[in-house]
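J.: Fold the stuff below for me.
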Amino acid sequence: MTDFKNKNVLITGAASGIGKLMAQKMAGLGANLFLWDLNESSLGELRTELQAAGSKAFAYTCDLSDNHAVRSTAGALLSEHGHIDILVNNAGIVTGKLLQEASDEEIELTFKVNALALFWTTRAFLPAMIERNSGHIVTIASAGGIVGTSRLVDYSATKHAAVGFNESLRFELKRQKSNIKTTVVCPFYINTGMFDGVKTRVPLLMPILTPEYAVKRIVNAIRKNHPRLVMPRFVMASYPMRIFPTAIFDAVISALGINNTMDEFTGRAKSKKQLQEEVSV
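T.: Okay, the predicted model is just below:
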């Protein structure tokens, strides 16, 4: 079991969405929070809120799409506070566009924030974890990292990368006989605003998740050192379905309406800067 009390927890994309809710939840469990985001004003408001409630909270404005910014910010944090016990790689963005409609810049930014940032943050904090033989690396991926769908080609590709990143890192740490834990989280759509307009054809099997429910499950999975959390559990059915021919797999996915979930997607209207500031799963 992972005890959050007095543990140094870093959450990327902490200024809004489930990042913010996770920070509030973990602060209530006694964690020292290190909040990273590009949205300086919202980040400052969250830090003030947590500090007013008696929690230790520190805010760092950081552009996760910039490797140099991540390295510099991580260096400052380690110099000031020593180490991170739990790293929650949560920041993410989505365009929600067809492949040919997304710009080169949008696709590159999606990969930088959703996939490459996992490498930069983990490489920054893993050495101290290895030295202490203690730590926990959490990767907030997506059900889109298990099953792809239309209008999520770039997003799903990065979330497949996130799932592969976590799995390979887990095996790498096991081979090193390390005590460092890993957890990957693959939720269906979460109603944070990032995926406004998405629909589900079978809400009993695949409901749009509430942020509060998702955060409760995520924090519990970290606390219990679960290596994987998939929400809802029905998404797990996609694994055994892979043994069938592609035509059958595709027919089932279509029948469940998964390939149409993004048909009415609106998301949030965003400038490039706003796109970089957006956080979710």
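J.: any low-confidence regions in this structure?
T.: 268-281 (pLDDT under 70).
J.: longest helix anywhere in it?
T.: Selection of the longest helix in the chain by residue count, based on DSSP state H, yields helix 153-175.
J.: got the buried residues for that one?
T.: 153-163, 165-166, 169-170, 173 (16 or more other CB atoms under 10 Å). All C-beta spots, glycine's among them, are computed from the backbone N, C-alpha and C.
J.: ok, those vs I253, which is closest?
T.: Distance to I253 across those (CB to CB) is lowest for S156, with 12.5 Å.
J.: Would you enumerate the residues in contact with the closest one?
T.: Going by CB atoms under 8 Å, 6 or more residues apart in numbering, S156 touches S142, G144, G145, V147, G148, T149.
J.: Put together TSV for those residues, with neighbour count on each row.
T.: TSV is the format used below for the contacts of S156 (neighbours: other CB atoms under 10 Å):
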residue	neighbour count
S142	27
G144	27
G145	26
V147	23
G148	16
T149	17
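J.: could those go into TSV alongside secondary structure and distance to K216?
T.: As requested, those are exported to TSV (DSSP: H, G, I helix; E, B strand; the rest coil; distance: CB to CB, whole Å):
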residue	secondary structure	distance to K216
S142	coil	18
G144	helix	21
G145	helix	21
V147	coil	24
G148	coil	27
T149	coil	26
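J.: In JSON lines: those residues, plus distance to A102.
T.: Shown next, in JSON lines, are these (distance: CB to CB, whole Å):
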{"residue": "S142", "distance to A102": "17"}
{"residue": "G144", "distance to A102": "15"}
{"residue": "G145", "distance to A102": "18"}
{"residue": "V147", "distance to A102": "20"}
{"residue": "G148", "distance to A102": "15"}
{"residue": "T149", "distance to A102": "15"}
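J.: pretty sure N225 contacts I180?
T.: No. Under the criterion of CB atoms under 8 Å, N225 makes no contact with I180, lying 10.7 Å away.
J.: Among those two, which residue is more densely surrounded?
T.: I180 (20 against 12; other CB atoms under 10 Å).
J.: What does the more buried one show for phi and psi?
T.: Main-chain dihedrals, I180, degrees, to the nearest 10: phi -70, psi 130.
J.: Can you give me every residue that contacts the closest residue to it other than its chain neighbours?
T.: Leaving aside its sequence neighbours, I180 sits nearest to G135 (CB to CB, 6 or more residues apart in numbering; 4.5 Å). By CB under 8 Å, 6+ apart, G135 lies in contact with I84, D85, I86, L87, F125, L126, A128, M129, I180, K181.
J.: and G135, how far is that from V88?
T.: 12 Å (CB to CB, to the nearest Å).
J.: cool, and V153?
T.: From V153 to V88 the distance is 26 Å (CB to CB).
J.: Among the buried residues of helix 153-175, which one sits closest to G96?
T.: Once CB to CB is applied, the member of the buried residues of helix 153-175 that ends up nearest G96 is Y155, at 7.7 Å.
J.: is it true that that closest one touches G144?
T.: Yes. At 5.9 Å, Y155 and G144 qualify as touching, with contact defined as CB under 8 Å.
J.: ok so, going back, list the residues that contact both of N225 and I180?
T.: Counting by CB under 8 Å, 6+ apart, the shared contacts of N225 and I180 are H136.
J.: which residue sits closest to H81, ignoring its sequence neighbours?
T.: Distances taken as CB to CB, 6+ apart put N8 closest to H81, at 6.4 Å, once the chain neighbours are dropped.
J.: ok, now F165?
T.: Leaving aside its sequence neighbours, F165 sits nearest to L118 (CB to CB, 6+ apart; 5.2 Å).
J.: Correct me if wrong, but the one you found is in a helix.
T.: Yes. Counting by DSSP: H, G, I helix; E, B strand; the rest coil, L118 is located in a helix.
J.: what separates it from G144, distance-wise?
T.: Taken as CB to CB, the span from L118 to G144 is 15 Å.
J.: what does L46 give?
T.: Taken as CB to CB, the span from L46 to G144 is 26 Å.
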